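Engineer: compute the structure for the input listed below.
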Amino acid sequence: MASVSAASVAFRALSKPPLKSNETSRLKIVSLGWRKNGFPSLRSSRLHVSCAAKPETVDKVCEIVRKQLALPAEADLTPESKFSAIGADSLDTVEIVMALEEEFGISVEEESSQNITTVQEAADLIEKLVQKKPEA
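Structural biologist: Here you go, the predicted model:
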């Protein structure tokens with residue numbers, strides 16, 4: 001399942017007389033909305049595309065996180081759980097990534113591992129790397 005989200009933001013000052021091009025002013029109003037053609041402006045917006053990992057992958061990530069952080073079985077872990085919010089420091093996060101690499105037979109590049117902050121992000125990255133992995 002894939003989802004795409006985008007937003008268009010326009011800033012407009014409500015001061016009179018109109019500002020000259022080299023002047024600045026405090027923000028008076030913010031308007032959010034669609035352009036007249038019915039589509040959001042993607043040129044000035046941030047586009048985020050994400051694919052949800054399989055539930056069994058998310059469950060396995062939760063299991064590994066619980067084990068690495070010595071969390072009780074009843075600890076509430078959801079896909080949105082942030083590692084920092086459940087007590088993981090940077091070393092814990094590295095150990096979680098290493099355990100995930102071992103469990104799923106993948107290799108996570110350092111740059112990618114630094115972007116993992118939630119269970120869902122970890123599961124999504126695993127799915128992506130498993131799909132890229134050559135068949136044995």
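
Engineer: for Glu110, see how far away Glu95 is.
Structural biologist: 14 Å (CB to CB, to the nearest Å). Where you see a C-beta, it was placed from the backbone N, CA and C, and this is true even at glycine.

Engineer: per-residue pLDDT, the nearest residue to Val94 once chain neighbours are set aside?
Structural biologist: Leaving aside its chain neighbours, Val94 sits nearest to Ser113 (7.3 Å; criterion: CB to CB, 6 or more residues apart in numbering). Ser113 carries a pLDDT value of 88.

Engineer: and Glu80, what does it touch?
Structural biologist: Thr118, Val119, Gln120 (CB atoms under 8 Å, 6 or more residues apart in numbering).

Engineer: nearest to Ala73 among the residues you listed?
Structural biologist: Val119 (15.6 Å; CB to CB).

Engineer: burial measure for that closest one, as a count.
Structural biologist: Applying other CB atoms under 10 Å, we find 25 residues neighbouring Val119.

Engineer: related to what we said a few turns ago, for the contacts of Glu80, which one is nearest Ala85?
Structural biologist: Thr118 (9.0 Å).

Engineer: neighbours of the nearest residue to the closest one once chain neighbours are set aside, how many?
Structural biologist: Spatial nearest neighbour of Thr118, chain neighbours left out: Lys82 (5.3 Å); criterion: CB to CB, 6+ apart. Lys82 sits with 12 neighbouring residues when counted by other CB under 10 Å.
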